[in-house]
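Asks: Kindly generate the corresponding structure for this input.
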Amino acid sequence: MIPFSPPFINQDIIDEVVDSLESGWITTGPKVKLLEQEISKFVSVPNVLCINSWTSGAIMILKWLGVEEGDEVIIPSYTYSATALAVIHAGAKPVMVDVGTDFNISVKAVEQAITPRTKAIMPVDFAGFPCDYDALNALVRKEEIKGKFNPSSEVQRTLNRILLISDAAHSLGATYKENRIGKTADITIFSLHAVKNVTTAEGGAIVINMPEPFNNEDLYAEMRRMSLNCQTKDALSKSKAGGWRYDIVGLGLKINMPDINAALGLGQMRIYDELLEKRKYVFNRYVDFFSKFEWAIIPPHKDETRESSYHIFSLRIADFGEEQRDAVITDAANNGVALNVHFIPMPLLTFFKGLGYDIDNHPNAYNNFKNEISLPIYPQLTDEQIDTVCNVVKEAHNAALASNV
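Replies: Numbers count the residues shown, from 1 in each chain. Okay, here's the model as predicted:
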């Protein structure tokens, strides 16, 4: 079986984790700080905070923004459920809008959805391919849109416009106009989950890129405290002789990343340029193979302003519906290749249907989903395995077509 997305773990990464264990320091400490520095250097943004998941990071940012009941956050309907669940857990309402054929949020749909209750927009870089950040940044700064903004917290009054949060769960390493994702929004949140390009098993990283008059170094310190229950000393500081006294200065969360997790990501970040090139190699091999077939719709991955992180190869099969797509996945599994689907649009999920979201309002999201299959893409794949994936998918497509499922 060729698995879908195993983590990349070599001896150097194992040694980094063992070093953390042998140090006796396994919760938030020096390795977390080193990982923050590595990500900061990689994206060329000075202030990066590591937390225990993308989801908890998004919840914390929205709570820091000061959202409350009745406030709205605009998100795409075609993403993993965490994008919406974070908004709900923070106390606001997710406003789902449709996407384009590139899988990313429709800027036109975003503009139409903005109301005086809109406090943030959270686009998703689907599969690692960046959204149209120029258009989104121009939108939140448009005088007509700023005129609708109704601030209800000190942070909102200081910003005096809608906050742009990049859901960059997939896009660590992607570029937009020669800048790595991280510089493209006010706040960017990466996922470091087990299946991501860089993993800490579970984890995330918040890139703080707020405009003046915000001081991003001060914000880092504030958010670091907030991730530790708003405690004025972290565990490392408290452990020093005589350093036991602390204070609680606000309503925080407990979402810090442990050192033992950071060690995994640290080992990967140090060679991430190399890992990214290998992912790109696999992606381009798929492009070369499937471009020969009229039925294969190649996923967007590079244009004049954007380049993907090559996180997912989202192949679409022209004229297929869900049953035929599912038959391809089953056939491939029977022949030793694990495929996946990204994602089930949220309005199709029971919880969100119960809240009143309707897939009929998201035709592009459904059309993207109904015939999408995600192919294995990771640095460990050999040329022989890539060839196997290509041929198995081709034969599975032909079989589904012939059986007229």
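Asks: Every contact and neighbour count from this point should use C-alpha atoms.
Replies: Will do.
Asks: All the strands of the protein, residue numbers only.
Replies: 48-51, 72-76, 93-97, 118-121, 163-167, 175-176, 179-180, 187-191, 204-208, 296-297, 306-307, 313-317, 372-375 (DSSP state E).
Asks: possible to save the ones you listed as CSV with mean pLDDT, mean neighbour count and distance to Gly147?
Replies: Formatted as CSV, these follow (pLDDT from 0 to 100; neighbours: other CA atoms under 10 Å; distance: least, CA to CA, whole Å):
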stretch, mean pLDDT, mean neighbour count, distance to Gly147
strand 48-51, 98, 28, 31
strand 72-76, 99, 26, 16
strand 93-97, 98, 22, 20
strand 118-121, 98, 24, 12
strand 163-167, 98, 25, 14
strand 175-176, 98, 23, 28
strand 179-180, 96, 18, 30
strand 187-191, 98, 27, 22
strand 204-208, 98, 27, 25
strand 296-297, 98, 18, 41
strand 306-307, 98, 22, 31
strand 313-317, 98, 23, 39
strand 372-375, 98, 23, 40
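Asks: now those as a markdown table including distance to Leu62?
Replies: A markdown table is the format used below for the strands of the chain (distance: least, CA to CA, whole Å):
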| stretch | distance to Leu62 |
| --- | --- |
| strand 48-51 | 15 |
| strand 72-76 | 9 |
| strand 93-97 | 11 |
| strand 118-121 | 8 |
| strand 163-167 | 9 |
| strand 175-176 | 25 |
| strand 179-180 | 23 |
| strand 187-191 | 11 |
| strand 204-208 | 12 |
| strand 296-297 | 36 |
| strand 306-307 | 27 |
| strand 313-317 | 30 |
| strand 372-375 | 31 |
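Asks: Tell me where the model's unsure across the stretch 101-250 of the chain.
Replies: Filtered on pLDDT under 70, the stretch 101-250 of the chain yields the residue ranges 236, 238-242.
Asks: contacting residues for the residue nearest to Val207 when sequence neighbours are not counted?
Replies: The shortest distance from Val207 to any non-neighbouring residue, by CA to CA, 6 or more residues apart in numbering, is to Val48 (4.6 Å). By CA atoms under 8 Å, 6 or more residues apart in numbering, Val48 lies in contact with 36-37, 39-40, 205-208, 220.
Asks: Widest-spaced pair of those?
Replies: The span of the contacts of Val48, defined through CA to CA, is set by Ile39 and Tyr220 at 14.2 Å.
Asks: Name the residue in these two with the higher neighbour count.
Replies: More crowded of Ile39 and Tyr220, by other CA atoms under 10 Å: Ile39, with 26 against 18.
Asks: doesn't Arg270 make contact with the more buried one?
Replies: No - the pair Ile39 / Arg270 is not scored as a contact, 9.4 Å apart, by CA atoms under 8 Å.
Asks: Okay, helices next: where are they in the stretch 301-405 of the chain?
Replies: 322-334, 350-354, 363-370, 383-403 (DSSP state H, counting those that start in this stretch).
Asks: closest one to Ser314 among the ones you listed?
Replies: For these, the distance to Ser314 is smallest for helix 363-370, at 9.6 Å, taking CA to CA.
Asks: What residues sit buried inside stretch 354-370?
Replies: Buried residues in stretch 354-370, counted by 16 or more other CA atoms under 10 Å: 357-359, 362, 364-370.
Asks: Output the residues you listed as CSV; include the columns distance to Gly91.
Replies: Shown next, in CSV, are the buried residues of stretch 354-370 (distance: CA to CA, whole Å):
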residue, distance to Gly91
Tyr357, 18
Asp358, 21
Ile359, 23
His362, 24
Asn364, 28
Ala365, 25
Tyr366, 28
Asn367, 31
Asn368, 30
Phe369, 29
Lys370, 32
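Asks: between these, which is closest to Leu192?
Replies: When the buried residues of stretch 354-370 are ranked by distance to Leu192 (CA to CA), Phe369 comes first, at 24.3 Å.
Asks: wait, that closest one sits on Pro347?
Replies: No - with contact defined as CA under 8 Å, Phe369 does not reach Pro347; the gap is 11.9 Å.
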